[in-house]
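Show me how the following folds:
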Amino acid sequence: MKLLSGAGAAQGSLKRDVAGIAVFSVAVGALTLSLESGVWLTFIMMTMYAALLSQSWNILGGYGGQFSFGHALFFGTGAYVQAIAQLQGGINAWVALVLALAAAGLLGAGVAALTFRYGLKGSYFALVTLAFAEVFRVLAVSVPFTGGGVGLMLPLKASVANLQFESRQGYVALVLVLVVAALLVAAGLRHSRWGAQLQAVRDNEDAARAVGVDALRVKLWATVLSGAFMGVGGAFYVQVFQYIDPTIAFGPATSVEALVGAIVGGMGTLWGPVLGAAALHLLAEMTRNLFGNLPGLNLVIYGSVLVLIVMALPRGLAGIARSVRDRFRDRTRGRGHD
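This next block holds a predicted model:
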């Protein structure tokens with residue numbers, strides 16, 4: 001009976017998460033359709049883009065406990081596959097998007113097989129992923145088909161068939177679909193058997209192995225999923241800005257953006273990466289508008305506030321919502337007993 005009630009509770013929680021994701025997608029979609037300002041549409045688009053990157057990192061770093069400092073490796077792979085497939089292969093942009101996802105996912109499998117098989121974890125895994133990203137950056141500068149240090153530029157051919165839209169609303173719709181897909185995967189990780197195994201490996205890998213969890217397989221598939229979504233983020237970037245170079249593709253800035261959003265929002269939570277991405281982009285816009293006329297000051301203030309947030313909120317912004325919810329629940333139960 002306990003097993004049945006536990007399974008029923010898990011199904012109920014999953015349904016609530018899916019309902020929340022549906023409400024979120026409808027709200028963002030309705031807001032996008034109601035706006036005409038290019039500034040606000042760009043803000044929403046870039047916030048959703050950052051949420052996609054953060055959720056990608058969160059799948060491996062938050063739920064799996066495998067901190068990566070080199071997620072730009074997957075971002076850059078997806079970006080270059082997207083660009084090269086169109087420019088040199090003559091492949092349709094939508095097909096190239098699928099190829100970018102597959103290439104980044106396969107690369108994730110390769111990285112996981114090389115690192116986890118030899119027991120690398122913690123800071124060692126973080127440094128190895130950073131090294132992989134740097135190696136790929138150097139390779140992208142050196143080989144001719146990536147455009148070298150100059151990079152690659154896509155021609156502007158605005159059409160839905162070419163995955164280029166006349167307005168920002170089309171891009172917001174595309175990235176919203178990608179974010180929703182990442183949220184659904186994260187919701188599955190919260191409530192599925194495989195997700196429970198992944199979180200068990202995060203909490204105590206030795207104990208998880210002792211009860212029969214195949215830690216290598218679990219971490220490998222988490223890396224594949226994480227890499228695939230990050231690669232799609234890179235492909236989306238190329239379609240929006242029609243340009244990519246080695247520094248943008250494999251530089252540390254993209255990796256930092258992905259992990260900071262998840263950390264600020266709340267690692268290992270469903271909505272943390274979305275909250276973190278929204279908060280960071282709102283903070284960046286506020287500091288830029290208020291202190292943009294003083295070069296460098298906006299970055300100093302942005303960094304200082306970011307440090308304060310991390311120090312004051314170790315559980316992230318999602319932790320605040322969870323604490324408020326728990327207190328409300330405790331008070332409700334207390335009144336019920338009275």
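
quick one, strands of the stretch 51-200 of the chain?
With DSSP state E, counting those that start in this stretch, the ranges of strands along the stretch 51-200 of the chain come out as 152-153.

what ranges do the helices span in it?
72-87, 93-116, 123-142, 168-191, 193-203 (DSSP state H, counting those that start in this stretch).

tell me which residues in the fourth one are buried?
It refers to helix 168-191. Neighbour counts over helix 168-191 (16 or more other Cβ atoms under 10 Å) mark 168-176, 178-180, 182-187, 189-191 as buried. In short, each C-beta sits where N, CA and C put it, glycine included.

Can you check the pLDDT for Leu294?
With respect to pLDDT, Leu294 scores 68.

Likewise for Ala321?
For Ala321, the pLDDT comes out at 65.

One more: Thr332?
Reported pLDDT for Thr332: 60.

how about the closest residue to Asp245 other than its chain neighbours, what does it touch?
Nearest non-adjacent residue to Asp245, counting by Cβ to Cβ, 6 or more residues apart in numbering: Gly151, 2.9 Å away. Counting by Cβ atoms under 8 Å, 6 or more residues apart in numbering, Gly151 makes contact with 243-246, 248.

secondary structure element for Leu282?
helix 272-291 (DSSP states H and E).

what comes up buried for that helix?
272-281, 283-285, 287, 291.

same check, this time on stretch 106-122
Buried-residue list, stretch 106-122, by 16+ other Cβ under 10 Å: 107-108, 111-112, 115-116, 120-121.

Stretch 209-219 too?
So for stretch 209-219, counting by 16+ other Cβ under 10 Å, buried means 213, 215, 218-219.

any idea of the mean pLDDT in that stretch?
93.

mind saving the C-alpha coords of that stretch as CSV?
Once non-C-alpha atoms are left out, stretch 209-219 reads as follows in CSV (Å, rounded to 0.1, in the frame of the first residue of the first chain):
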residue,chain,number,x,y,z
ARG,A,209,26.5,1.6,-6.4
ALA,A,210,25.9,-0.6,-3.3
VAL,A,211,22.2,-0.8,-4.0
GLY,A,212,22.7,-1.7,-7.7
VAL,A,213,22.7,1.6,-9.5
ASP,A,214,24.9,1.7,-12.6
ALA,A,215,26.5,5.0,-11.9
LEU,A,216,28.5,5.1,-15.2
ARG,A,217,25.4,4.5,-17.3
VAL,A,218,23.3,7.0,-15.4
LYS,A,219,25.9,9.8,-15.6
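
Please flag which of the buried residues of stretch 209-219 sit within helices.
Those of these mapping onto helices are 215, 218-219, per DSSP state H.

if we can go back for a sec, out of the buried residues of helix 272-291, which is nearest to Val305?
Closest approach between the buried residues of helix 272-291 and Val305, by Cβ to Cβ: Leu283, at 6.0 Å.

before we move on, the earlier item: take the ones in helices among the buried residues of stretch 209-219 and lay them out in CSV including distance to Val18.
Output for these, formatted as CSV (distance: Cβ to Cβ, whole Å):
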residue, distance to Val18
Ala215, 28
Val218, 23
Lys219, 26
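
quick one, strands of the stretch 201-338 of the chain?
Using DSSP E, counting those that start in this stretch, strands in the stretch 201-338 of the chain cover 243-244.

just for it, where's the confidence low?
292-299, 321-338 (pLDDT under 70).

Repeat the analysis, applying 50 as the threshold.
For the stretch 201-338 of the chain, applying pLDDT under 50 flags no range at all.
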